[in-house]
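Student: got a sequence here, can you build the structure:
(2 chains)
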Amino acid sequence: MKRSFLMVVLAVVLGVAFAGPRDNSLVIGTSQEPTHLGDPLSSLGSQAIRSEVELYLYSGLYRVNLDTLLEADLVTEVATVENGRLSITSLDEGGQKVEMRLTLRDDVFWSDGTPITTDDIALVYEMSKAPGMPTASPDYWARFSFSAQDAKNFTVQLSPAQSSDLVGSPIGLLPNHKMRDAWEAAKTAVAALNPATDGARIGEIYRGFITDFGSSAAINAGRTVYSGAFVPTRWTPGSALQMARNPYYHAHPADQSKYVQSVEYRFITDTNALLFSVTTGAVDATSSVAITFDQAISPQITARAADRYDIWFVPSATWEHLEINQFTNVQQVADLMLNDVRTRQAITHAIDRQAMSDALFNGLQPVAHTNVSPSDPNYTDNVRKYDYDPEQAAALLTELGWTRGADGILARTVDGRTVRFELEFVTTAGNAVRERQQQFIAEDLRQVGIDVRINNAPSNVVFANTFINRAYEGAWTGMFMFAWVSSQASSLNAALYLCRNAPTPANNWAGQNAGGACSPRYDEVRDRAVAELDPVAAMPLYQEMQVIFAEELLAIPLIYRANPLVTAKGLVNFVSSTFSQGYGYPPVMPAVVGWEQNGATKRFDQAQYASQF
Amino acid sequence: MFNYIVRRLFQMLPLLFLASVAIFTLVSLQPGDPLDELRMANPMMTAEQFEDLRRAYGLDQPIYVRYFKWLGRALGGDLGRSRTYGLPAAEFIFQQRLPRTLMLTVTSLTIALLIAIPVGIFSAVRQYSAGDYTITFLSFVGLSTPNFFLGIILLYLFVIVLPENLGWRGLPVGGIPNLMWSDLQTGRVTFGSYVGQWATHLILPVFTLASGSLAAWTRFMRASMLEVLNQDYVRTARSKGLNERKVLYKHALRNGLIPIVTLVGLSMPSLFNGALITETIFSYPGMGRAIFDSLVNKDYNVAMAALTFIAILVVFFNLVADVLYAVVDPRIRYD
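Tutor: Model prediction:
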């Protein structure tokens, strides 16, 4: 007994993992663990790692490929006007209605061999319409309707439709034959409650219904089935989620034995520990939620890369920026004229964003000139750019009446008062990278005579609705640095900087336009762009919005982020791009991930979509 | 003694009620609510839809209403569901996180005690010897080395440096093994393999966690024994001609252990609330991370269940420590 115990300890110590090409498996390291799986309405909130893992387990009606184009997955073809499956009609009350007529493929099955039918879509639709069902996108489901013609043909409608409605799958699926009875029981339990007073209980019942099939215990008990290339075989909370090939998946490659047969997500929540896992080869690849940018360019990992792994930086649509308080009822805003575009232009000229990118990010996170990623199909480079030009900044500030005081800080007289240019600068405390950027920016601004008063707090404090959305009340009075995470859909919505989305008492503090930026011209073009469902016709409108954004500096763009992705040498098709599968999660087709050493064919080249360190 | 214990147990009730009110109020008063993230992520959400969501999360009601609803359900044994995980909060805490935390903390406490007591005795008996100086030096190193630093150094050493230089695969970087208790019942793994895999994962976090208390308890044990060894009754015992072993272990040790019993009693609740820093460094999914994450994510049911449980333990183990005084020290009696 004693001897066998020692042998086991030795075996574990000497060979923690035999992952990778040797057993045709893939071990992916991630710093986050899914809370649950199988939640097409995001009833328990959104979570990047959940979306990524679900790519392996669930097929969508469509998938978004590496070039941000839709491809049919469970359906026979993507609905387009040309193939007669998409129609757009005008509504009497204004706007347009979109109708998609889709057909499920005959060869698609759940992992128990049951055919996938419209009943599986109808279940999700029914859930989306249940009163009191918490969802992340109630606005979308309010405009959505569904009808099934038979087991394979169905129609979805969006009314009024928006251009973003045509991005990604219109609806998800859940196995009706497994979940219907539990759903009926949940509805019965809810029917006995009063929605006015029992909202929390109703929400809990619905969330419980989701987790009764999606929790680790439910998954280990085999309570449900899957439509993706893999099925979960074991989920040890806090340790790992293992998956094996789904024998009923419809799109395995013909020579599937050459591709990975099992995938394991290993949960290593501390990113330093995860970094060590990468360097020691304990994991074959990193998830999109793994090591930080800082860590990915650190010598600990780059010095050991050599012939062992590649370090990629996938351009992200997430953009770091300075939100500026532009509510003139706030005394400091009026005093500093932050609502005057020349002030914002001066601030932008004063910041050497390229030097900041070079110094802090090795130039791998490029300077942003607008709020739209260069990877976005609607991106235009033809916008006003603000190069580092402290003289121009000083000239603009002088034009606005500022003069340098004895202490080198700008000052001017307002109604007999002497006002110093002292700017409050808020960001998330504890985010070391962001705080370094803050120091960089503060130093640049001091060079042109702007004194910066740093006022950081933890993210849950500054992102509380009672802080970020209360610029109107002066909760923050100057600049607020944070990042907006974008998908192609949110980019098409472009709702952030609408005048009507500025949170004020008039709209009960709703809206994300935290600083109260307002350009009627931008709003007018945006509303036309969103209503234009023809992407070709919409493109010039989206580009005009970028021109206006840069001209009027609704916010000051700093950099576009890049997501680090580490892949072991020989691993192929574990590739992502800015918008692949919505937010750039790897891989776009899990079924074809494999090892070159085992004969897997390279179909996608990460070099086309990312920079290599 | 019995009456005393019953009286103390009744006194706990209003104390725990007040503690739960304080915890609920503090948790609820922290800035923001669980919907901030949803609101930030979806600029298209209307104010009306947002209000529907507030209702679905029970945030539309005043704090005191929410508290009494929580209390009513908690007294009925229903601690609600985790907003983040969807699981019943009790299952998440008591079945998933608590056993793992106990595995880590009880092991480190046991190791710390098993080493600290004999080493402390040795250090006291051989006062001012080379051994005593060495132990004192190492104790101060242990006391002054923060866990987060020691943990990272150990990881770097045993996961990267030694394996790279010795051609050894190294220890796991943290986390827990991919094992479940049911694996033993189903025969998926042997008992030896089960224990072995856990052992390799626990070595570094246990050592990191034990180092601080080991150093502190060694110092306490030494000081306590020195004090006892200079007492008259020890001198009497020696003058009676008892051998040194009997003097030490029969007469001195029992009294020398009293401060250690107090310290161990008071540290009992910390066995259950986890070790946030150690758990973080070693990606160990225990109670410390669960409590921290539930507060950051505003997962009220989990935070309430965990913190109220800790409050109960603090009160309970204070009582246990008081009772143990009477057991260890015959001079203490409760009526």
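Student: elements contacting the longest strand belonging to chain A?
Tutor: When chain A is parsed with DSSP state E, its longest strand is strand A:309-324. Secondary structure elements in contact with strand A:309-324, counted by 3 or more C-beta pairs under 8 Å, 6 or more residues apart in numbering or on different chains; DSSP states H and E, are helix A:293-296, helix A:341-350, helix A:432-447, strand A:479-484, strand A:556-568, strand A:611-612. Placement of C-beta: from N, CA and C, glycine included.
Student: quick one: strands adjacent to that strand?
Tutor: Counting by DSSP bridges, the strands paired with strand A:309-324 are strand A:479-484 (antiparallel), strand A:556-568 (antiparallel), strand A:611-612 (antiparallel).
Student: and that strand, what's its mean pLDDT?
Tutor: The pLDDT scores in strand A:309-324 average 94.
Student: quick one: distance of the following helix or strand past that strand to the chain centre.
Tutor: Downstream of strand A:309-324, the first helix or strand assigned by DSSP states H and E is helix A:331-336. Mean-position distance between helix A:331-336 and its chain equals 34 Å (C-alpha atoms, centre = their mean, to the nearest Å).
Student: mind listing what's buried along helix A:331-336?
Tutor: Residues of helix A:331-336 classed as buried: A:332, A:333, A:335, A:336 (neighbour count, 16 or more other C-beta atoms under 10 Å in any protein chain shown).
Student: and what of stretch A:588-597?
Tutor: Buried, per 16+ other C-beta under 10 Å, within stretch A:588-597: A:588, A:589, A:590, A:591, A:592, A:593, A:594, A:595.
Student: with mean pLDDT and mean neighbour count added, can I get the helices and strands packed on strand A:309-324 in CSV?
Tutor: Shown next, in CSV, are the helices and strands packed on strand A:309-324 (pLDDT from 0 to 100; neighbours: other C-beta atoms under 10 Å in any protein chain shown):
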stretch, mean pLDDT, mean neighbour count
helix A:293-296, 90, 19
helix A:341-350, 97, 23
helix A:432-447, 93, 17
strand A:479-484, 93, 22
strand A:556-568, 95, 23
strand A:611-612, 88, 14
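Student: residue A:603: which of those is closest?
Tutor: Shortest distance between residue A:603 and those, using C-beta to C-beta, is found for strand A:556-568: 14.5 Å.
Student: can you list the strands that the next helix or strand after the closest one pairs with?
Tutor: In the C-terminal direction, the helix or strand that comes right after strand A:556-568 (DSSP H and E) is strand A:571-572. Partners of strand A:571-572 in the sheet, by DSSP bridges, are strand A:594-595 (antiparallel).
Student: nearest residue to the residue of the stretch 201-335 of chain B found nearest chain A other than its sequence neighbours?
Tutor: Scanning the stretch 201-335 of chain B for the residue nearest chain A gives residue B:285, at 3.1 Å (criterion: C-beta to the nearest C-beta). Leaving aside its sequence neighbours, residue B:285 sits nearest to residue A:238 (C-beta to C-beta, 6 or more residues apart in numbering or on different chains; 3.1 Å).
Student: would you list the phi and psi of the residue lying closest to residue A:552 once chain neighbours are set aside?
Tutor: Of all residues not flanking residue A:552 in the chain, residue A:519 sits nearest, at 4.9 Å (C-beta to C-beta, 6+ apart). With angles defined as degrees, to the nearest 10, residue A:519 sits at phi -140, psi 100.
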